[in-house]
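Enquirer: this one's structure only:
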């Protein structure tokens, strides 16, 4: 419950990390995570000798911990406008689906015939679907950035399907661009918007 009067906006609604700060955090995590994933893909035997686990397991553990840490920061320090907003829960559901798919592959619960589709494909599908929805429903944000993100995800998927051997060498780096590019563009373009915020209407005055 809040103490805001009916018809007014609670002044504490935006206390905490705002949308731009959360998006910047998400972009940083994405760039680092997909950079790590690309490194492991290029050096598949390095992690086994360094940390004692296979590269796929290491990457999955990183994404699991990074996802949980990001969610904890948002829930703990994010403003109520962010953590109670539909986008946070939309992305939470989509990421959970991708993580579950990855875990099923690593633990051997997925048939051999579909193992190759259970690691990268769910993530690129998450970006395509999530950015499409964001482009449609995002309010006071740069919707074009999310539509472009959806298009980039589709291009990445089609490229992998058409040139699987060639695209495997760089697809994780490209996925990092797909992950971070739209949200950073949204932050930059929305912050640069010179239009002033909506002001409450002044009460009518009698002539």
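Expert: Arrived safely, thanks for sending. Remember, predicted model here, so these are calculated numbers, not experimental data. Numbering: from 1, shown residues only.

Enquirer: how many neighbours does residue 135 have?
Expert: Other residues within reach of residue 135, judged by other CB atoms under 10 Å, total 20. Backbone N, C-alpha and C define where each C-beta goes, glycine included.

Enquirer: State whether it and residue 151 are indeed in contact, as I suppose.
Expert: No: using CB atoms under 8 Å, residue 135 is not in contact with residue 151; the gap is 9.8 Å.

Enquirer: after the worst-scoring helix or strand of the chain on mean pLDDT comes which helix or strand?
Expert: For the chain, counting by mean pLDDT, DSSP states H and E, helix 46-51 ranks last in confidence among helices and strands (a mean of 59). Next helix or strand after helix 46-51 toward the C-terminus (DSSP states H and E): helix 55-77.

Enquirer: That following helix: which residues count as buried?
Expert: Neighbour-count burial for helix 55-77, counted by 16 or more other CB atoms under 10 Å, picks out 55-56, 58-60, 62-63, 67, 70-71, 74.

Enquirer: With stretch 81-97 instead?
Expert: For stretch 81-97, the neighbour count (16+ other CB under 10 Å) marks 81-83, 87-88, 91, 94-95 as buried.

Enquirer: just stretch 112-124 next, same as before
Expert: Of the residues in stretch 112-124, 118-124 count as buried by neighbour count, 16+ other CB under 10 Å.

Enquirer: Downstream of the helix or strand where residue 133 lies, the next helix or strand is which one?
Expert: Using DSSP H and E, residue 133 falls within helix 121-137. The first helix or strand that comes after helix 121-137 along the chain, using DSSP H and E, is helix 143-162.

Enquirer: Quick one: distance of that next one to the chain centre.
Expert: With CA atoms, centre = their mean, to the nearest Å as the basis, helix 143-162 stands 14 Å off its chain's centre.

Enquirer: Kindly report the same for stretch 97-107.
Expert: Distance, stretch centre to chain centre, for stretch 97-107: 17 Å (CA atoms, centre = their mean).

Enquirer: Now it: average pLDDT?
Expert: Computed over stretch 97-107, the mean pLDDT rounds to 92.

Enquirer: So which residues make contact with it?
Expert: 56-57, 60, 63-64, 67, 110, 115, 118-119, 122-123, 125-126 (CB atoms under 8 Å, 6 or more residues apart in numbering).

Enquirer: Could you check how far the closest residue to residue 185 other than its chain neighbours is from residue 176?
Expert: In this structure, residue 185 finds its nearest non-sequential neighbour in residue 145, 4.0 Å apart by CB to CB, 6 or more residues apart in numbering. Between residue 145 and residue 176 the computed distance is 16 Å (CB to CB, to the nearest Å).
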